[in-house]
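# The amino acid sequence is not available; the structure is as follows:
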């Protein structure tokens, strides 16, 4: 599978300690290679999912075999903030529309 990481997520990963970013990137590589059996993946809403990596959450979805990594954050509460899920849904709907228009 093809993995596309949004620029904001790349910047977030660049600010992390090397071992944390390496762990997240290893999880993303497993996702890219469809080796998900060792990953903790939760469905947030419909097609919007998150990968749990230590105290971090990586928000993603799949459209037509391409995985879009659209947000990442350090978990500080029990629930994923509603604004993060809404942002991911907005990106999903925009990309889905573009995919159908091609």
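Yep, it's here. Small disclaimer: the values here were computed from a predicted structure and weren't measured.
# residues touching residue 60, list them.
Residue 60 is in contact with 31, 48-51, 67-70, counting by CB atoms under 8 Å, 6 or more residues apart in numbering. To be clear about C-beta, it is placed using only N, CA and C from the backbone, and glycine gets the same treatment.
# Quickly find the element holding it.
strand 56-63 (DSSP states H and E).
# by how many degrees do the longest helix that the chain contains and strand 56-63 diverge?
The helix that spans the most residues within the chain, counting by DSSP state H, is helix 82-101. Helix 82-101 and strand 56-63 meet at an angle of 20 degrees, taking axes from the mean of the first three to the mean of the last three CA atoms, to 10 degrees as the criterion.
# circling back to that earlier point, looking only at the strand holding residue 60, what residues are buried by neighbour count?
Under the neighbour-count criterion of 16 or more other CB atoms under 10 Å, strand 56-63 has 56-61 buried.
# and if you look at stretch 80-97?
80, 84-85, 87-89, 91-92, 95.
# rewinding a little: looking at the contacts of residue 60, which are in helices?
residue 31.
# Which helix or strand in the chain has the lowest average pLDDT?
helix 82-101 (a mean of 87; mean pLDDT, DSSP states H and E).
# Run through the neighbouring helices and strands of it.
In terms of contacts (3 or more CB pairs under 8 Å, 6 or more residues apart in numbering; DSSP states H and E), helix 82-101 is packed against strand 40-45, strand 48-53, strand 56-63, strand 66-74.
# still on that earlier bit, out of the buried residues of strand 56-63, the closest to residue 1 would be?
Set against residue 1, the nearest of the buried residues of strand 56-63 by CB to CB is residue 60 (10.9 Å).
# any idea of the pLDDT on the closest residue in space to the closest one that isn't next to it in sequence?
Excluding its sequence neighbours, the residue lying closest to residue 60 (CB to CB, 6 or more residues apart in numbering) is residue 69, at 4.9 Å. We have a pLDDT of 97 for residue 69.
# who's in contact with residue 69?
Residue 69 neighbours (CB under 8 Å, 6+ apart): 3-6, 9, 28, 58-60.
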